[in-house]
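Engineer: this one's sequence-less:
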């Protein structure tokens, strides 16, 4: 019971803090923003680093978005935060590559064909900034293009003891969230376990290239 109360307190504090950051900061969403317009027919897979997830929550409020998260207590907290900002979550076990779960995800997000999918591509447990093959398999199964999301945060705290170097933006900040150009995934990419795509995604999300 105590843990449950502490969990709810953590969620409330997390929501209030990130909303305060956004209310006091200059926040810009740049790049392929037309993909999130309500009159856009294409649904995509948005990729972000696990350590950037806290910065993303308020940014896409109002978008039809399914966020992939784990089916554990940590996933419970993420689900509560996501629902506050109007997102749905799809719960899967840690590190699951089971085909049944993949098809469950596909069926969930294709229901009504009205939502994007958001995935922490190096999550839930790392390694740090290394895209998981699951990301590309999902894109193929759902017939969607990948949209890497890059972050520029002028003032932040990074928790370097965590594997994902989790970032907490500070109030009165300057934050840019860039939706990079969509990247298609083909059957040929599977032959080398998506190695070239992974390298490209890393370069884009780290800001080494601009597409």
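Structural biologist: Structure's in. What do you need? All values reported here derive from a predicted model rather than from experimental measurement.

Engineer: can you name every helix or strand that the strand ranked longest in the chain contacts?
Structural biologist: Determined from DSSP state E, the single longest strand within the chain is strand 146-153. Under the contact criterion of 3 or more C-beta pairs under 8 Å, 6 or more residues apart in numbering; DSSP states H and E, strand 146-153 touches strand 45-48, helix 53-56, helix 133-142, strand 166-169, strand 174-179, helix 195-205. Placement of C-beta: from N, CA and C, glycine included.

Engineer: out of these, name the one with the poorest average pLDDT.
Structural biologist: For these, mean pLDDT drops lowest on helix 133-142, to a mean of 88.

Engineer: can you tell me the helix or strand for residue 185?
Structural biologist: Assigned by DSSP states H and E, residue 185 belongs to no helix or strand.

Engineer: just the pLDDT at it, thanks.
Structural biologist: The model's pLDDT for residue 185 equals 94.

Engineer: which residue packs closest to it, ignoring adjacent ones?
Structural biologist: residue 139 (4.3 Å; C-beta to C-beta, 6 or more residues apart in numbering).

Engineer: any regions of this protein where pLDDT drops low?
Structural biologist: Along the chain, segments meeting pLDDT under 70 span 1-2, 94-101, 104, 106, 108-114, 208-211.

Engineer: what about the longest helix in it?
Structural biologist: Of all segments of type helix in the chain, defined using DSSP state H, the longest is helix 2-24.

Engineer: next secondary structure after that one?
Structural biologist: strand 26-31.

Engineer: so for residue 89, what's the nearest residue that isn't a sequence neighbour?
Structural biologist: Distances taken as C-beta to C-beta, 6+ apart put residue 79 closest to residue 89, at 4.5 Å, once the chain neighbours are dropped.

Engineer: same question, residue 46
Structural biologist: residue 118 (4.4 Å).

Engineer: the one you found: neighbour count?
Structural biologist: Residue 118 has 26 neighbours, counted by other C-beta atoms under 10 Å.

Engineer: that older thread, next SSE downstream of the longest strand of the chain?
Structural biologist: Trace forward from strand 146-153 with DSSP H and E and the next one is strand 156-159.

Engineer: run through who's touching that following strand.
Structural biologist: The contact list for strand 156-159, computed with C-beta atoms under 8 Å, 6 or more residues apart in numbering, reads 51, 55, 165-170, 173.

Engineer: list the buried residues for it?
Structural biologist: For strand 156-159, a neighbour-count test (16 or more other C-beta atoms under 10 Å) marks residue 156 as buried.

Engineer: distance from the chain centre to that strand, please.
Structural biologist: 18 Å (C-alpha atoms, centre = their mean, to the nearest Å).

Engineer: contact partners for residue 84?
Structural biologist: 11, 15.

Engineer: if we can go back for a sec, how far away is the residue nearest to residue 46 from residue 7?
Structural biologist: 22 Å (C-beta to C-beta, to the nearest Å).
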